[in-house]
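Peer 1: Predicted model, plus sequence, below.
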Amino acid sequence: MTDSRGAVCGDGAFPSGTLAFAGLSDVSISEDIPVEGDISVPVGSQNVDDVFSTLDEPVKDTILRDLRAVGKKFIHVMYPKQSSALLRDWDLWGPLLLCVTLALMLQGGSADSKEDGGPQFAEVFVIIWFGSVIITLNSKLLGGTISFFQSLCVLGYCILPLTVAMVVCRLVLLGFTGTISFIIRLIVVTASFSWSVFASTAFLADSQPANRKALVVYPIFLFYFVIGWMVLTFSPSQ
Amino acid sequence: MANKDFLLHFQEFDEDDDDGLRTSKGATRVTIDDTAEPQKQHKPAGPVEEDEESYRNDDKTELLSGEKKGAPFWTLDYYQALFNVDTYQVKSRIVGSMVPWPGKNFVHLYIRSNPDLYGPFWICATLVFAIAISGNISTFLKSQGEPNYKYMPEFRKVTMAATAIYSYAWLVPLALWGVLTWRQSKVVSMVSYTFLEIVCVYGYSLFIYIPAVVLWIIPYEVLRWCSILVALCLSGSVLVLTFWPAIRSDRPRIVMAVLLAVVGLHVLLAVGCKMYFFSDAANAVHLVPENIIKATPTIRTN
């Protein structure tokens, strides 16, 4: 901190009728008041170092801290009330985790079979990442104020309800067959799809000009609709 | 000039203004609702303030586009000029692409030197998934009762549809733009379109296929052909009315050739999609893999 004490005194006795700036020439630092202070540079503050250094902490702590941050964001997606938390410190670990999980679970048959089956791992991966990149570019081009990776982060984290729906669908497919299984899956996927759209618009819609909100929300709707369709139509090959 | 009457008929602000302020829940309905209310476009001219607003928006877009012209093509600013549309503009363009109105030019009436890529891109994307999904559902409905049938998501249809739709929406405008530019160097024409304007017209003209494709889920051939016919008549006539002024002064043989090519390609896209994604032959294709799977173990044991 720099702390300097001193005094600047003008004599204040302006001659009448002079210009406003004429008084500046009379400003003087009076000699008898010393200009002194001490400058301290924050070098030796041990506490700050201890908190923020990640060099000598165990690897386990680092990973756990990141995982905890990811988990906290999952909770934000499930309860999309505190809208700023997901935007403030973005990360792409959660989206990667969700995307890989979803793509792995959607992988039904083997890639070299001639069946015209569901999407392959790479196709899911490309749809999710390219889709969210295109939606982000779209909102940037329409004049949104959100940064690129913040938007990617939100779109990626909001896949969480659909990934949960995918797990539920897999379990349902183990237990039921036929129409009952389809109705249960339809309900689950519809609910999680609306949840995804609701959560992502709660985070993203505020960054847009009011007269263009619909233009930004529609691609998000389409994106989650397609993912929801992939989850719903998943059928394991026997 | 056509300019005078299009300003008088620019009346769709009242319903769109409050729509822009709507919450995001209503937003998802934008493209769907529009099909239901084409009649509102034919109302007489709106109040004076709305016209003033349209003038103001015109000024703004002109200023912005003039400002953005300097931006190099690798920056985001350059492309922001192509996405400079509001919700009400997109809605009115979508409606305009479905309602042919004799004497009205779609480009002059709705685009007015502000072609956007938002509509073409997302209309194509929606159409791609609409074709793939409803094609899949129709295959399922058709072959539901068959004992050998096993449901397949048919994800390959998405790739096929994307290739078809996006190449139609970009290559045909490119060719048309080339032809129009070539003819304009020979015959002086009053109307000339830029490449982006043509892309915009084509992109919006595809919109009517989205409800049509969704109707194709219902497995009645008569209904399908009727919806194709209606969609073709509406969007095809918008295309013809749009490009008619640009080639009117040319030789009649070339005018006929260009217009026939435009309409013919439009028909080809619709009928091709119908034949490829919704045909009865699709069933046979999906029963073949079962045979292959059954056949493979025997081959391996031999």
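Peer 2: Sure, I can see it.

Peer 1: how about the nearest residue to A:I128, chain neighbours excluded?
Peer 2: A:C99 (4.8 Å; C-beta to C-beta, 6 or more residues apart in numbering or on different chains). For the C-beta atoms, the positions are set from N, CA and C on the backbone; glycine is no exception.

Peer 1: Now do the contacts for that neighbour.
Peer 2: Counting by C-beta atoms under 8 Å, 6 or more residues apart in numbering or on different chains, A:C99 makes contact with A:124-125, A:128-129, A:156, A:159.

Peer 1: Name the secondary structure element that contains it.
Peer 2: A:C99 belongs to helix A:93-106 when assigned by DSSP states H and E.

Peer 1: go on, A:G144?
Peer 2: According to DSSP H and E, A:G144 maps onto no helix or strand at all.

Peer 1: Domain map for chain A?
Peer 2: Per automatic domain parsing, the domain ranges recorded for chain A read A:2-39, A:46-232.

Peer 1: Centre of the chain to the last one, how far?
Peer 2: What that stands for is domain A:46-232. 11 Å (C-alpha atoms, centre = their mean, to the nearest Å).

Peer 1: Would you verify that A:G118 is located in a strand?
Peer 2: No: counting by DSSP: H, G, I helix; E, B strand; the rest coil, A:G118 is not part of a strand but coil.

Peer 1: Chain neighbours aside, what residue packs nearest to it?
Peer 2: B:P153 (4.1 Å).

Peer 1: Can you classify the residue nearest to B:F243 when sequence neighbours are not counted by secondary structure?
Peer 2: Once flanking residues are discounted, B:F243 sits nearest to B:V262: 6.2 Å by C-beta to C-beta, 6+ apart. Under three-state DSSP, B:V262 falls in the helix class.

Peer 1: Quick check, pLDDT for A:I135.
Peer 2: Note for A:I135: predicted pLDDT of 92.

Peer 1: Look through chain B and tell me its longest helix.
Peer 2: Criterion DSSP state H: the longest helix present in chain B is helix B:156-186.

Peer 1: Tell me if that helix is near chain A.
Peer 2: Yes: applying C-beta under 8 Å from any C-beta of the partner chain, one finds helix B:156-186 touching chain A at B:R156.

Peer 1: quick one: buried residues of the helix or strand that comes right after that helix?
Peer 2: Downstream of helix B:156-186, the next assigned helix or strand under DSSP H and E is helix B:195-205. Within helix B:195-205, the residues that count as buried by 16 or more other C-beta atoms under 10 Å in any protein chain shown are B:196-205.

Peer 1: now stretch B:148-160
Peer 2: Buried, per 16+ other C-beta under 10 Å, within stretch B:148-160: B:149-150, B:152-155, B:157-158, B:160.

Peer 1: again with stretch A:197-206
Peer 2: A:197, A:199-206.

Peer 1: Just say helix, strand or coil for A:D38.
Peer 2: Secondary structure for A:D38, judged by three-state DSSP, is strand.

Peer 1: Let me fix that, I meant to ask about B:V90.
Peer 2: Per three-state DSSP, B:V90 ends up helix.

Peer 1: how about it, what does it touch?
Peer 2: Per C-beta under 8 Å, 6+ apart, neighbours of B:V90: A:215, B:30, B:116, B:118-119.

Peer 1: farthest-separated two in those residues?
Peer 2: B:V30 and B:D116 (14.7 Å; C-beta to C-beta).

Peer 1: Compare neighbour counts for the two and give me the winner.
Peer 2: B:D116 (25 against 20; other C-beta atoms under 10 Å in any protein chain shown).

Peer 1: Got the confidence number for the residue nearest to A:I128?
Peer 2: A:C99 is assigned a pLDDT of 92 by the prediction.

Peer 1: how near is it to A:M166?
Peer 2: Plainly put, A:C99 is 12 Å away from A:M166 if you go by C-beta to C-beta, to the nearest Å.

Peer 1: What parts of chain A come near chain B?
Peer 2: Residues of chain A lying near chain B by C-beta under 8 Å from any C-beta: A:113-120, A:123, A:138, A:140-143, A:197, A:201, A:205, A:210-215, A:217-219, A:221-222, A:225-226, A:229-230, A:233-235.
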